[in-house]
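J.: Next one to model:
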Amino acid sequence: MKAIDALYEAQKIVFSPFVFQTVYSMYELGLFEIINEQKEGLTIDEIAEKSKVSKYGLTVLVEMAEAAEIVEKLEGDKYQLTKVGYFILRDEMTRVNMMFTQDVCYEGLYHLKDAISTTTPAGLKVFGDWKTVYEGLASLPASVKKSWFEFDHFYSDNSFDDALKIIFRDQPKRIFDIGGNTGKWAIASTKYNSDVNVTIFDLPGQLKVAQENINKIDEIKDRVDYQKIDLLDPTSTIPAGADVYWMSQFLDCFSEAEIEAILIKIKENASKDSTIYIMETFIDDQKFPAATFSLVATSLYFTAIANGNSKMYSSSVLKYIIEKAGLKCVNSYQLHEDSFHTILEVKLS
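T.: Alright, predicted model coming up:
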């Protein structure tokens, strides 16, 4: 790279918050939709007339968007979306990531340096006085919760169909859903198999949300139980009695030492016939650079806001922790091309 090009790239980085807020503002103001509707492009005056946004406001936004190659100027001073702008407007992953960044992460990331220095979620204080985001999840503002859950579910829901086929090959009768969150896995698995019973293990706030969701579905609500647990409490235990111990996008919420401790809790009471299934979005198992980039960025959310000590892991690291905990990874399943997930099948050594 030539020095002048490197200097330009450096400016893109240091002004990237300006670009992000430009994109978010244009999206929320409906400007991308307006520009996209006219394939021949629109002038600033035409956009202003359609959007009711001031010409001044439009000018500063569109000029920044043009510099960032999100819109392009055509003949007659008309503007149209580039391919990048089109993906911002229409791609669901991009929308979910944008809203998560804006509503959940943007303010908190200001405190990233402090989080790195202290190994605590220093940015979480923008929302409340909790040790981790999970303690306060149920109390977050509605818009923040909406963006948080949309982000979480986007990277899990499309994996369930394939995951269910894997987990139910041996027809388990009881599943322990550890870190059950809003109950989506419990709902999916009890609907998939009418004989299975599920116990959700989670913090009280999450259990309340899960129970509210599940109690709306008459045909499954009697087959789901709830167990309050703080897995970071060294005295907490995970009981025996499950055919399957299921953890979906859960272990990335903990440090390596904490993951090992959780796996040991399971191992202490699991039978030799039980199976532990771990579903994660591993940074080394992605098919496309956009997915890898998104996951690596998500690690900084864990650092600054969620808990201060976890991240998105590679499969090799998690397999190492599994072995360190005295367990054995017997199979690895990379799900279909529309999913970001890998499932690790783990047994007692």
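J.: show me where this protein has strands.
T.: Under the criterion DSSP state E, the chain contains strands at 71-74, 78-81, 174-178, 197-202, 224-228, 244-248, 275-280, 327-334, 342-348.
J.: how about those strands, which one is nearest Leu109?
T.: strand 275-280 (23.0 Å; Cβ to Cβ). No exception for glycine: its C-beta is placed from N, CA and C like everyone else's.
J.: Hmm, Glu107 is touching Ala122, no?
T.: No - applying Cβ atoms under 8 Å as the test, Glu107 and Ala122 come out as separate, 11.6 Å apart.
J.: Who has more neighbours out of those two?
T.: Ala122 (21 against 15; other Cβ atoms under 10 Å).
J.: doesn't Ala304 make contact with the more buried one?
T.: Yes - Ala122 lies in contact with Ala304 (Cβ under 8 Å); the separation is 6.6 Å.
J.: what touches both of these two?
T.: Shared contacts of Ala122 and Ala304, defined by Cβ atoms under 8 Å, 6 or more residues apart in numbering, comprise 108, 111-112, 115.
J.: so which of these comes closest to Ile276?
T.: Closest to Ile276, out of all of the shared contacts of Ala122 and Ala304 and judged by Cβ to Cβ, is Ala115, at 30.6 Å.
J.: Quick check: that closest one vs Asp162, distance?
T.: 35 Å (Cβ to Cβ, to the nearest Å).
J.: So which of those two has more stuff around it?
T.: Ala115 (24 against 18).
J.: need the contact list for that one.
T.: Applying Cβ under 8 Å, 6+ apart, we find Ala115 in contact with 121-123, 303-304, 308.
J.: Map the structural domains onto the sequence of this structure.
T.: Residue ranges for the domains of the chain, per automatic domain parsing: 3-90, 155-285+306-348.
J.: now the strands of the chain as JSON lines including distance to Met99, mean neighbour count and mean pLDDT?
T.: JSON lines is the format used below for the strands of the chain (distance: least, Cβ to Cβ, whole Å; neighbours: other Cβ atoms under 10 Å; pLDDT from 0 to 100):
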{"stretch": "strand 71-74", "distance to Met99": "21", "mean neighbour count": "17", "mean pLDDT": "96"}
{"stretch": "strand 78-81", "distance to Met99": "19", "mean neighbour count": "20", "mean pLDDT": "97"}
{"stretch": "strand 174-178", "distance to Met99": "27", "mean neighbour count": "24", "mean pLDDT": "98"}
{"stretch": "strand 197-202", "distance to Met99": "24", "mean neighbour count": "23", "mean pLDDT": "97"}
{"stretch": "strand 224-228", "distance to Met99": "29", "mean neighbour count": "18", "mean pLDDT": "97"}
{"stretch": "strand 244-248", "distance to Met99": "22", "mean neighbour count": "24", "mean pLDDT": "97"}
{"stretch": "strand 275-280", "distance to Met99": "23", "mean neighbour count": "23", "mean pLDDT": "97"}
{"stretch": "strand 327-334", "distance to Met99": "28", "mean neighbour count": "15", "mean pLDDT": "96"}
{"stretch": "strand 342-348", "distance to Met99": "26", "mean neighbour count": "20", "mean pLDDT": "97"}
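J.: Gln38: which of these is closest?
T.: Nearest to Gln38, of the strands of the chain and by Cβ to Cβ, is strand 78-81 at 7.8 Å.
J.: contacting residues around that closest one?
T.: With Cβ under 8 Å, 6+ apart, strand 78-81 has contacts from 32, 35-36, 38-44, 46-47, 62, 66, 70-74, 89.
J.: Go again with 7 Å.
T.: Strand 78-81 is touched from outside by 32, 35-36, 40-43, 62, 71-74, 89, with contacts defined as Cβ atoms under 7 Å, 6 or more residues apart in numbering.
J.: Equivalent analysis for stretch 300-313, please.
T.: Identification of contacts with stretch 300-313 by Cβ under 7 Å, 6+ apart yields 104-105, 108-109, 111-112, 115-116, 119-124, 132-133, 252-255, 280-283, 295-296, 298-299.
J.: list the buried ones in stretch 96-116?
T.: 96-106, 108-109, 111-112, 115 (16 or more other Cβ atoms under 10 Å).
J.: export that stretch as CSV, just CAs?
T.: What follows is stretch 96-116, C-alpha atoms only, in CSV (Å, rounded to 0.1, in the frame of the first residue of the first chain):
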residue,chain,number,x,y,z
VAL,A,96,-29.5,-6.1,13.2
ASN,A,97,-25.8,-5.3,13.7
MET,A,98,-26.4,-1.6,13.2
MET,A,99,-29.2,-1.4,15.8
PHE,A,100,-27.2,-3.5,18.2
THR,A,101,-24.3,-1.2,17.8
GLN,A,102,-26.4,2.0,18.2
ASP,A,103,-28.7,0.9,21.0
VAL,A,104,-26.6,-1.5,23.1
CYS,A,105,-22.9,-0.8,22.4
TYR,A,106,-22.3,2.8,21.2
GLU,A,107,-22.2,4.7,24.5
GLY,A,108,-20.6,1.8,26.4
LEU,A,109,-17.7,1.4,23.9
TYR,A,110,-16.5,4.8,25.0
HIS,A,111,-15.3,3.1,28.1
LEU,A,112,-13.4,0.2,26.3
LYS,A,113,-10.0,1.3,27.5
ASP,A,114,-11.2,1.2,31.1
ALA,A,115,-12.7,-2.2,30.5
ILE,A,116,-9.5,-3.5,29.1
